[in-house]
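**Q** coords below, sequence missing:
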Ligand code: GN1
Ligand code: MG
């Protein structure tokens, strides 16, 4: 068993079951119960969504341009979907998408297009899965005004204020947020007015959650189904683009390398749109630019809030890690704002 991936929340391991003549691999994960208060609900959502997708994939297999995949749960020996150990920790295992890899940073336009294609395919496959069939495993997830409230409350705590006041970069981040408060409600407002509606979403379609076939370089699967739940597909669209179009990656130390690359955005759209046409309405299109800007802002806010809280949500590898991550997202957000006209043009295409 060996640690795997760069997840910020759960602990993930690759397990190998050897027999004298072969081996089988699986993914084993410990669910972070600080984040996922009801682990049984994530498992339930995962069962519902994978069953639905696998059934559709089977139906469409003959006409498909490749073998699309989606991991499924591997039951325990007793037939349960997880194992709760003596410390109350929840463990579950899943199938591996083998002969494929994921990358923490985009490798180029072809890769960006494949990520777009995989997300478009996922959205298409779940577009007829009513979100009412899914549990809300993370209430408030991607509801930006709620993150802003949490941040405001955090600032009332003296430990957080101290962290803020003792560092020029943190003060700059707080100013950045202060100047963009009105942005926070853009998607939730559209949802309230009935312009946008809840659908089944992935919740975390960043670049390293998309598997690329080693042999063909084509996207084959989206992984990390923990955050599958009812939401706006705009959260997914924005999250994928803020991740794919920043060639420096979200973990970079070099702020100067961070930018939103419109060429990569165009490639992503070329992959996404042909699959999205059947479910994307005119009102959805209206908010595509806003969601890209919003999710970069939101993720920066979430990292920064966690920095002020003392790193209680996202795993960190060094002091100030969450502040650095926030700075990357804010820099990206600025770059998105500076390229607004070009991005809107690319997003209107297709
Ligand atoms: C977290 O744990 P991981 O890496 O799959 C987070 C996402 C963020 C992401 C940023 C449940 O995902 O929302 O976009 O970090 N997941 C949760 O890398 O908060
Ligand atoms: Mg995740």
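**A** The structure has been received and is ready for your questions. What you see is a predicted model; the values in this text were computed from it and never measured. Numbers count the residues shown, from 1 in each chain. Ligands and ions are numbered 1, 2, ... in the order given.
**Q** what helix or strand is residue 97 located in?
**A** Secondary structure here is read from DSSP states H and E; on that basis residue 97 sits in neither a helix nor a strand.
**Q** and stretch 199-219, what's buried?
**A** Within stretch 199-219, the residues scored as buried using 16 or more other CB atoms under 10 Å are 199-213, 218-219. Heads up, the C-betas are built off the backbone N, CA and C, glycines and all.
**Q** what kind of secondary structure is the residue of the chain found nearest ligand 2 in?
**A** For the chain and ligand 2, the shortest gap (CB to the ion) falls at residue 204, measuring 3.7 Å. Put simply, residue 204 is coil when judged by DSSP: H, G, I helix; E, B strand; the rest coil.
**Q** so the most centrally placed residue in the chain versus residue 196, what's the distance?
**A** Centrality entry for the chain: nearest residue to the mean C-alpha point is residue 204, 1.6 Å, by CA atoms, centre = their mean. The span separating residue 204 from residue 196 equals 19 Å under the rule CB to CB, to the nearest Å.
**Q** near ligand 2, which residues of the protein?
**A** The chain has residues 204, 224 near ligand 2, with proximity defined as CB under 5 Å from the ion.
**Q** for the chain, give me the ranges with low pLDDT.
**A** Across the chain, the stretches falling below the confidence threshold (pLDDT under 70) are 350.
**Q** excluding chain neighbours, what is closest to the one residue in the stretch 251-350 of the chain that gets nearest to ligand 1?
**A** Of all residues in the stretch 251-350 of the chain, the one sitting closest to ligand 1 is residue 299 (5.5 Å; CB to the nearest ligand atom). Once flanking residues are discounted, residue 299 sits nearest to residue 329: 4.8 Å by CB to CB, 6 or more residues apart in numbering.
**Q** residue 72 against residue 52, yeah?
**A** No - contact criterion CB atoms under 8 Å: residue 72 and residue 52 do not qualify, at 11.5 Å.
**Q** just to revisit the earlier point, run through the residues that contact the residue nearest to the centre of the chain.
**A** With contacts taken as CB atoms under 8 Å, 6 or more residues apart in numbering, residue 204 has the following neighbours: 224, 226, 227, 239.
**Q** widest-spaced pair of those residues?
**A** The most widely separated members of the contacts of residue 204 are 226 and 239, with 13.7 Å between them, by CB to CB.
**Q** of these two, who's got more company?
**A** Each of residue 226 and residue 239 has its neighbours counted (other CB atoms under 10 Å); residue 239 has more, 28 against 25.
**Q** SS state for residue 110?
**A** Secondary structure of residue 110, reduced to three states by three-state DSSP: helix.
**Q** could you check how far the nearest residue to it once chain neighbours are set aside is from residue 262?
**A** Setting aside the residues directly before and after it, residue 110 is nearest to residue 217 in space (CB to CB, 6+ apart), at 6.7 Å. As defined by CB to CB, residue 217 lies at a distance of 22 Å from residue 262.
**Q** how many residues are close by residue 140?
**A** 12.
**Q** enumerate every residue touching it.
**A** The neighbourhood of residue 140, defined by CB under 8 Å, 6+ apart, consists of 146, 147.
**Q** next one: phi and psi at it?
**A** Note on residue 140: its backbone torsions stand at phi 90, psi 0 [degrees, to the nearest 10].
**Q** do a quick rundown of the strands in the stretch 251-350 of the chain.
**A** Taking DSSP state E, counting those that start in this stretch, the stretch 251-350 of the chain contains no strands at all.
**Q** SS state for the residue nearest to residue 110?
**A** For residue 217, the secondary structure call by three-state DSSP comes out as coil.
**Q** next up, phi/psi of it, please.
**A** Dihedral angles of residue 217 (phi, psi; degrees, to the nearest 10) stand at phi 60, psi 20.
**Q** what does residue 16 give?
**A** Residue 16 adopts backbone torsions of phi -120, psi 120, taken as degrees, to the nearest 10.
**Q** residue 74 versus that one, what's the distance?
**A** If you measure residue 16 against residue 74 using CB to CB, the figure is 13 Å.
**Q** mind listing the helices for the chain?
**A** Along the chain, counting by DSSP state H, helices occupy 39-60, 109-126, 144-154, 158-165, 168-178, 186-192, 233-244, 262-276, 282-286, 288-309, 321-338, 340-348.
**Q** picking that back up, residue 16 and residue 74: which has the busier surroundings?
**A** Between residue 16 and residue 74, counted using other CB under 10 Å, residue 74 has the larger neighbour count: 16 against 11.
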